[in-house]
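Trainee: Just to be clear, the model below is a prediction. Sequence and coordinates:
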Amino acid sequence: MLRKLFNDEYGFIVSAELMLIITLMFCMAAVGWAAVRDALVNELNDVSHAIGAVSQSYHVTGFRKAKLVGNHADCHGFGFNDDADECDCKVIEYVDVCGKNDPSTGDSE
């Protein structure tokens with residue numbers, strides 16, 4: 001009876017093993033894509049904080065070309081002051097990563 005089971009070639013055991021392997025591969029891929037998603041979200045969050053920390057204020061000074069009598073041409077200056085908004089980054093937050101040294105803190109652990 002046992003010899004007949006080992007010589008059975010209907011493929012039930014092979015297909016069950018393949019289903020187990022495919023299920024495990026799907027689980028590994030799902031975990032891997034979740035890790036990629038989390039890393040991408042963290043990097044995009046860093047980029048958004050860096051863009052929010054940039055001051056978008058600008059000022060252009062005016063100029064004047066003078067003739068001997070009167071003005072030849074002039075252009076007035078202009079500018080824009082970027083006030084702090086609700087969505088601007090007020091402080092860049094540093095997150096302590098376990099096992100990774102941060103050179104900005106001055107610790108030499």
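Mentor: Alright, I've got the coordinates.

Trainee: Tell me where the model's unsure across this structure.
Mentor: For the chain, applying pLDDT under 70 flags the ranges 9-13, 71, 84-109.

Trainee: for this protein, what's the longest helix?
Mentor: Ranked by residue count, the top helix of the chain under DSSP state H comes out as helix 12-52.

Trainee: I'd like the next helix or strand past that one.
Mentor: strand 58-60 (DSSP states H and E).

Trainee: Not counting that next one itself, show me its contacts.
Mentor: For strand 58-60, contacts defined as Cβ atoms under 8 Å, 6 or more residues apart in numbering pick out 77, 78, 79, 80. (C-beta placed from N, C-alpha, C; glycine too.)

Trainee: so of those residues, which ones are in strands?
Mentor: Here DSSP state E is the test, and the contacts of strand 58-60 give 78, 79, 80 as lying in strands.

Trainee: thinking again about what came up before, give me the helices and strands touching the longest helix of the chain, please.
Mentor: If you count contacts as 3 or more Cβ pairs under 8 Å, 6 or more residues apart in numbering; DSSP states H and E, helix 12-52 packs onto no helix or strand.
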